[in-house]
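# Got a sequence here, can you model it:
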Amino acid sequence: MSFQAYLDNIEAKTGKKPSEFVAMAKEKGFDAPGTKAGVIVDWLKQDFGLGRGHAMALVYVIKNGPQISDKHVGSAGAHRDESDTLRLTGKES
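The predicted model follows:
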């Protein structure tokens, strides 16, 4: 599954766009450099019912923004992404 597909599935499950999760995390101070991933994962599990894999995808975006490695861009593998920039504004955009 591509990184973008993870984010799209999170939106389908929760009704919230990745950018909304980033904003909520910033309000809680979870974007601070010292915040451990486990704290964010626990929040996402408890408040939104996300599993570890989906929560970790959001942890990456909260901590690093939408830019990802171009390792899988243009490949034919299961983890292929169309771009090295994730779409955080929702599936419909």
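# Below-threshold pLDDT in the protein: ranges please.
Within the chain, the segments meeting pLDDT under 70 span 72.
# ok, which stretches of it are helices?
Under the criterion DSSP state H, the chain contains helices at 3-14, 18-28, 37-48, 52-64.
# Closest to the centroid, which residue in the protein?
Leu58 (2.7 Å; CA atoms, centre = their mean).
# tell me the contacts of the nearest residue to it once chain neighbours are set aside?
Distances taken as CB to CB, 6 or more residues apart in numbering put Phe21 closest to Leu58, at 5.2 Å, once the chain neighbours are dropped. C-betas here are computed from N, CA, C, even on glycine. Phe21 sits next to 10, 44, 58, 61-62 when contact means CB atoms under 8 Å, 6 or more residues apart in numbering.
# Tabulate those residues in TSV, adding columns for distance to Glu82.
TSV is the format used below for the contacts of Phe21 (distance: CB to CB, whole Å):
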residue	distance to Glu82
Ile10	18
Leu44	25
Leu58	20
Val61	17
Ile62	22
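# Which of the residues you listed lies at the shortest distance from Lys28?
Ile62 (9.9 Å; CB to CB).
# any idea how far the closest one lies from Gly34?
For Ile62, the distance to Gly34 equals 13 Å [CB to CB, to the nearest Å].
# Kindly report the same for Phe48.
For Phe48, the distance to Gly34 - CB to CB - is 23 Å.
# okay, those two: which has more neighbours?
Phe48 (17 against 6; other CB atoms under 10 Å).
# Give me the nearest residue to that one, chain neighbours excluded.
Thr14 (5.1 Å).
# Could you double-check that that neighbour sits in contact with Lys45?
No. Using CB atoms under 8 Å, Thr14 is not in contact with Lys45, being 12.0 Å away.
# list the contacts for Ala57?
3, 6-7, 10.
# Which member of those residues is positioned nearest Asp70?
Using CB to CB, these come closest to Asp70 at Phe3, 11.6 Å.
# can you pull the contacts of Thr85?
66-68.
# Weed out the non-buried ones from those residues.
66, 68 (16 or more other CB atoms under 10 Å).
# This completes my enquiry, with thanks.
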